[in-house]
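Chemist: turn this into a model:
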Amino acid sequence: MDQNQDQHTTTSTTMSPTGLSIRPFTPSISTSNSDFETVYNLWNATFPTWPIPRTHLWNILYHPLLARQGRHFVAEIRSGAGTESGDRNEKGQERKPIGFVLAYLGDESTKGYISALGVREEARGRGVGGELLERAVVELKRAASEKGCELKSLVLGSDTPRFWPGLPTDFGEGIGVGGWFGRRGFKKLNGPVIRDLFKDIREEVVPSAVKERIEKVAMENGIRFAPWTEGGYEECMVKQQENFSWAKAYAVLAAHSQYHEVMVAFDAKTNEQLGWTLMCGPDAIVKDIYAFLPLAGKETLGEKGKEVEGEKGNVGLIAAVGVDKKARGRGVGLALVGRAMENLKERGVEGIFIDSVVIRDFYERLGFETRWEYEAWEWVGGLGKDGAVNT
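Modeler: Numbers count the residues shown, from 1 in each chain. So this is what the prediction gives:
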């Protein structure tokens with residue numbers, strides 16, 4: 001596969017005696033459309049209840065800042081080796097795609113993410129998933145080494161881009177996925193269930209009692225709320241980097257002059273920034289990295305809440321909510337989110353999605369309800385230089 005100079009390199013296709021081959025899929029502008037279609041079709045075949053619009057999946061896999069962190073592979077089997085006929089490879093040999101894995105190396109180059117791993121139903125139970133997992137781990141360790149680091153942890157889920165933040169609970173023991181990963185060195189971690197939340201704001205935006213509290217917080221604490229501006233860039237970025245782990249999202253919005261996609265809480269007297277939240281409407285650049293945002297409002301809003309090819313959809317996003325240490329404990333965070341919700345409503349958004357939530361009884365006060373739930377799983381096997389997955 002041809003590579004751009006700024007793209008990473010992966011090792012070549014491997015072939016087993018059974019006719020199974022594992023080949024890299026490295027998104028770049030030189031990657032053929034057929035490669036993308038292979039992954040897109042495999043996604044639909046293996047995760048039919050988690051559809052991602054074609055253009056949305058393309059934007060995620062080919063994201064200019066994130067594509068080079070990916071280590072993705074496709075499993076194929078030659079015709080006559082247990083599956084129906086498929087396409088032909090570059091040598092004219094018939095082969096059928098039967099599985100894939102999407103894996104990413106984190107920004108710090110010491111943590112790896114198995115973001116998605118799927119195998120067609122007719123090909124399960126033959127070791128295909130294990131082969132894909134092992135290949136992904138080998139390449140994540142190689143990628144970390146190329147950065148002068150060592151892969152120290154491996155988790156199920158994703159950070160940036162965001163597919164699932166953990167293992168969906170409906171993938172759990174009932175259908176054997178948790179047990180499958182457990183037999184390969186992963187362990188479910190103790191701690192609260194991770195949740196994605198959603199609220200329909202077509203009628204009520206902020207509950208009246210909470211709205212009254214927001215007004216009280218603003219008046220008693222001398223707080224005002226307004227969208228971010230270019231003039232406040234430096235102060236915001238300094239405080240994001242000092243206090244939180246999500247400064248990149250703010251930097252990306254600023255780079256695209258989308259300051260209006262952030263709500264800021266200010267000290268009304270000094271104009272100092274005290275709190276921030278993303279409040280992303282349909283045109284926000286960072287929405288491209290959230291795989292299931294188009295799906296989040298489907299059940300509540302109907303087809304209008306599902307992004308379709310060529311349309312933006314009408315589901316907004318609240319994320320990266322943070323309050324400066326000096327302003328915590330005064331209700332600023334709740335008030336900030338409430339004002340962001342009102343801003344999104346004014347911009348025509350009908351539903352709001354919040355992903356990867358661990359805290360309880362905060363967003364619920366604003367009327368958010370659980371959309372999906374996840375469990376945290378981490379590989380507890382060795383991740384030394386010669387470590388391998390027990391498949």
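Chemist: ok, V101 to R95 distance?
Modeler: Distance, V101 to R95, by CB to CB, to the nearest Å: 17 Å. C-beta here means a position set from N, CA and C on the backbone, and glycine is covered the same way.
Chemist: which of those two has more neighbours?
Modeler: V101 (26 against 22; other CB atoms under 10 Å).
Chemist: can you classify that one as helix, strand or coil?
Modeler: Assigned by DSSP: H, G, I helix; E, B strand; the rest coil, the conformation of V101 is strand.
Chemist: show me where pLDDT drops low in the stretch 201-350 of the chain?
Modeler: 302-313 (pLDDT under 70).
Chemist: what segments of it are strands?
Modeler: Using DSSP state E, counting those that start in this stretch, the strands of the stretch 201-350 of the chain run over residues 223-227, 262-267, 273-280, 315-323.
Chemist: of all those, which lies closest to W164?
Modeler: strand 315-323 (15.4 Å; CB to CB).
Chemist: which helices and strands does the closest one pack with?
Modeler: With contacts taken as 3 or more CB pairs under 8 Å, 6 or more residues apart in numbering; DSSP states H and E, strand 315-323 sits against helix 247-255, strand 273-280, helix 293-296, helix 332-346, strand 351-357.
Chemist: now do the helix or strand where F198 lies: which elements does it pack against?
Modeler: In this structure, F198 sits in strand 194-200 according to DSSP states H and E. Using 3+ CB pairs under 8 Å, 6+ apart as the contact test, the elements touching strand 194-200 are helix 298-301, strand 351-357, strand 369-375.
Chemist: mind doing that once more with 6 Å?
Modeler: strand 351-357, strand 369-375 (3 or more CB pairs under 6 Å, 6 or more residues apart in numbering; DSSP states H and E).
Chemist: tell me which of those strands is the most buried.
Modeler: When you average the neighbours per residue for each of those (mean count of other CB atoms under 10 Å), strand 351-357 leads with a mean of 23.
Chemist: okay, now the closest residue to T300 other than its chain neighbours: neighbour count?
Modeler: Distance criterion CB to CB, 6 or more residues apart in numbering; nearest residue to T300, sequence neighbours excluded, is D200 at 4.8 Å. Counted with other CB under 10 Å, the neighbours of D200 add up to 18.
Chemist: that older thread, pipe the strands of the stretch 201-350 of the chain into JSON lines and attach distance to I60 and mean neighbour count per row.
Modeler: As requested, the strands of the stretch 201-350 of the chain are exported to JSON lines (distance: least, CB to CB, whole Å; neighbours: other CB atoms under 10 Å):
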{"stretch": "strand 223-227", "distance to I60": "27", "mean neighbour count": "17"}
{"stretch": "strand 262-267", "distance to I60": "22", "mean neighbour count": "22"}
{"stretch": "strand 273-280", "distance to I60": "15", "mean neighbour count": "25"}
{"stretch": "strand 315-323", "distance to I60": "15", "mean neighbour count": "24"}
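Chemist: any chance of those in TSV, with distance to H72 too?
Modeler: Below are the strands of the stretch 201-350 of the chain laid out as TSV (distance: least, CB to CB, whole Å):
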stretch	distance to H72
strand 223-227	37
strand 262-267	31
strand 273-280	26
strand 315-323	25
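Chemist: quick one: closest of those strands to R360.
Modeler: strand 315-323 (14.8 Å).
Chemist: and the closest one, how far out from the chain middle?
Modeler: 14 Å (CA atoms, centre = their mean, to the nearest Å).
Chemist: same check, this time on stretch 182-191
Modeler: Counting by CA atoms, centre = their mean, stretch 182-191 comes out at 20 Å from the chain centroid.
Chemist: end-to-end on it?
Modeler: 17 Å (CA to CA, to the nearest Å).
Chemist: how about stretch 227-234?
Modeler: 15 Å.
Chemist: how far does that stretch sit from its chain's centre?
Modeler: 26 Å.
Chemist: if you count neighbours, what's buried in it?
Modeler: Residues of stretch 227-234 classed as buried under the neighbour-count rule (16 or more other CB atoms under 10 Å) are 228, 232.
Chemist: before we move on, the earlier item: just the C-alphas of the strand holding F198, formatted as PDB.
Modeler: Provided in PDB are the C-alpha atoms of strand 194-200 (Å, rounded to 0.1, in the frame of the first residue of the first chain):
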ATOM      1  CA  ILE A 194     -19.500   4.900  32.200                       C
ATOM      2  CA  ARG A 195     -22.600   6.400  30.500                       C
ATOM      3  CA  ASP A 196     -23.500   8.400  27.500                       C
ATOM      4  CA  LEU A 197     -26.400  10.800  28.100                       C
ATOM      5  CA  PHE A 198     -29.000  12.500  26.000                       C
ATOM      6  CA  LYS A 199     -31.800  15.100  26.400                       C
ATOM      7  CA  ASP A 200     -34.600  16.100  24.000                       C
END
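Chemist: report the rounded mean pLDDT for that strand.
Modeler: Averaged across strand 194-200, the pLDDT comes to 97.
Chemist: swap in stretch 125-132?
Modeler: Rounded mean pLDDT across stretch 125-132 is 95.
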